[in-house]
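Colleague: Have a look at this prediction, sequence included:
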Amino acid sequence: MYVNAKEMLCEALKEHYAVAQININNLEWTKAVLLTSEELKSPIILGVSEGAGKYMGGFKVVKEMVVSMIESLGIKVPVALHLDHGTYEGAKKCLEAGFSSIMFDGSHYSIDENIKLTKELVEESHKMNVSIEAEVGAIGGEEDGVKAKGEHANPEECKLIADLGIDFLAAGIGNIHGKYPDDWEGLSFDTLAKVKEKVGNMPLVLHGGTGIPEDMIKKAIDLGVSKINVNTECQLSFASATRKYFEEKKDLVGKGYDPRKILAPGYEAIKETVKEKLTLFGSINKA
Ligand code: 13P
């Protein structure tokens, strides 16, 4: 069922679990995430960065692929298709292409500019029944060439952005994209609690889900995180399973060179990683 992400996240906040946003890169990725979510009866958000959208042939292609796959695979659980870290222009393109959810990341602008642009996009997306995520306090690390240091969001600024009518808020609490460095200081639960106090019943989003220790994930959910984004971890498991296929020279046996055979172990590895995440986030049987 193709839906926006508002209702599933309000439900998650109420019931104290988190919905996973798993970023997709191609058809195999999409199929692996959809089928795992359906098997486990979990709501799911498919994340698409602007780079991934371009890679797949454009946002319209992605939307058509996801909607057709939901239909042809008989996916009944709620599925939202969400732009990840969108620019203003990218957000508009996704609205046009029929995404059910968008993120506008104005965290690198001044707070006034972030407010102005977020407000415009809230109006446009809500007219189209599309949910919208905004960001305060840049998430660190590197994604699609965008580098940032793991900031701690200013709770007052979070309140200003939350009051614009957005549906969920990404607030930096020391989290970063990609692998965490050995000297990472961990999540700032103090910042998270202060943000929560300011924004009340607004579902909060935790980016950089790869590599955060389980106890920190659970505590973040307890403190009001309702959506957790995971990207790198699926890429790592896909890469490692694919490497093994070639190391074992399976491509040289029979028709092992068939792309459907080559991609199969990576596909299964993604399914396994998604299963682990849905279990940890507590969203199994919540659809
Ligand atoms: P990771 O790549 O660290 O899992 O982060 C994903 C993310 O936050 C996407 O927005």
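Modeller: Sure thing, it's come through.

Colleague: mind listing what A171 touches?
Modeller: 135-137, 153, 158, 191-192, 195, 204-205 (CB atoms under 8 Å, 6 or more residues apart in numbering). Glycine gets a C-beta too; all of them are placed from N, C-alpha and C.

Colleague: Tell me which of those residues fall in helices.
Modeller: Counting by DSSP state H, the part of the contacts of A171 found in helices is 158, 191-192, 195.

Colleague: if we can go back for a sec, now the contacts of A171 as TSV including neighbour count, pLDDT and distance to the ligand?
Modeller: Shown next, in TSV, are the contacts of A171 (neighbours: other CB atoms under 10 Å; pLDDT from 0 to 100; distance: CB to the nearest ligand atom, whole Å):
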residue	neighbour count	pLDDT	distance to the ligand
E135	26	94	10
V136	27	92	15
G137	23	83	13
A153	27	93	15
C158	27	96	17
T191	20	96	17
L192	25	97	16
V195	29	97	17
L204	27	98	13
V205	27	98	8
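
Colleague: Just the closest of the residues you listed to I45, please.
Modeller: Ranked by distance to I45 (CB to CB), the contacts of A171 are led by V205 at 9.8 Å.

Colleague: so how far is V130 from the closest one?
Modeller: Counting by CB to CB, to the nearest Å, the gap from V205 to V130 is 16 Å.

Colleague: same check, this time on A193
Modeller: Distance, A193 to V130, by CB to CB: 30 Å.

Colleague: neighbour count winner among these two?
Modeller: Neighbours were counted for A193 and for V130 using other CB atoms under 10 Å; V130 has more, 25 against 14.

Colleague: my guess is that one meets A97, correct?
Modeller: No: V130 is beyond contact range of A97, at 10.7 Å (criterion: CB atoms under 8 Å).

Colleague: which bits of the stretch 51-200 of the chain sit near the ligand?
Modeller: Within the stretch 51-200 of the chain, the residues that sit near the ligand (CB under 6 Å from any ligand atom) are 84-85, 177-178.

Colleague: For the residues you listed, pick the one with the most neighbours.
Modeller: That'd be D84 among these, by other CB under 10 Å, with 28 neighbours.

Colleague: residues contacting that one?
Modeller: Counted by CB under 8 Å, 6+ apart, D84 has contacts 21, 23, 47-49, 52, 103, 229, 231.

Colleague: So which of the residues you listed sit within strands?
Modeller: Of the contacts of D84, the ones assigned to strands by DSSP state E are 21, 23, 47-49, 103, 229.

Colleague: follow-up on the earlier one: which single one of the residues of the stretch 51-200 of the chain next to the ligand is nearest to Y257?
Modeller: Among these, and counting by CB to CB, the member closest to Y257 is G178, at 31.7 Å.

Colleague: Distance check, the residue in the stretch 1-150 of the chain positioned nearest to the ligand against L40.
Modeller: The ligand sits closest to D84 of the stretch 1-150 of the chain, with a gap of 4.6 Å, by CB to the nearest ligand atom. Here D84 is placed at a distance of 22 Å from L40 (CB to CB).

Colleague: just E268 next, same as before
Modeller: As judged by CB to CB, E268 and L40 stand 15 Å apart.

Colleague: Neighbour count: those two, which is higher?
Modeller: Per other CB under 10 Å, whichever of E268 and L40 has more neighbours is L40, with 18 against 14.

Colleague: my guess is the more buried one meets K277, correct?
Modeller: No: using CB under 8 Å, L40 makes no contact with K277, being 10.4 Å away.

Colleague: ok, E38 - contacts?
Modeller: Counting by CB under 8 Å, 6+ apart, E38 touches 73-77.

Colleague: how about the strands in the stretch 1-150 of the chain?
Modeller: Taking DSSP state E, counting those that start in this stretch as the criterion, the stretch 1-150 of the chain carries its strands at 19-23, 44-49, 79-84, 101-104, 131-136, 141-143, 146-148.

Colleague: what's in contact with the second one?
Modeller: With contact meaning CB under 8 Å, 6+ apart, strand 44-49 is reached by 5, 8, 19-24, 30, 33-34, 37, 56, 59, 62, 66, 77-85, 94, 99, 101, 143-144, 227, 229, 231, 278, 283.

Colleague: That strand: partners in the sheet, and parallel or antiparallel?
Modeller: strand 19-23 (parallel), strand 79-84 (parallel) (DSSP bridges).

Colleague: quick check, distance from the longest one to the centre of its chain.
Modeller: On the basis of CA atoms, centre = their mean, to the nearest Å, strand 79-84 is displaced by 7 Å from the centre of the chain it belongs to.
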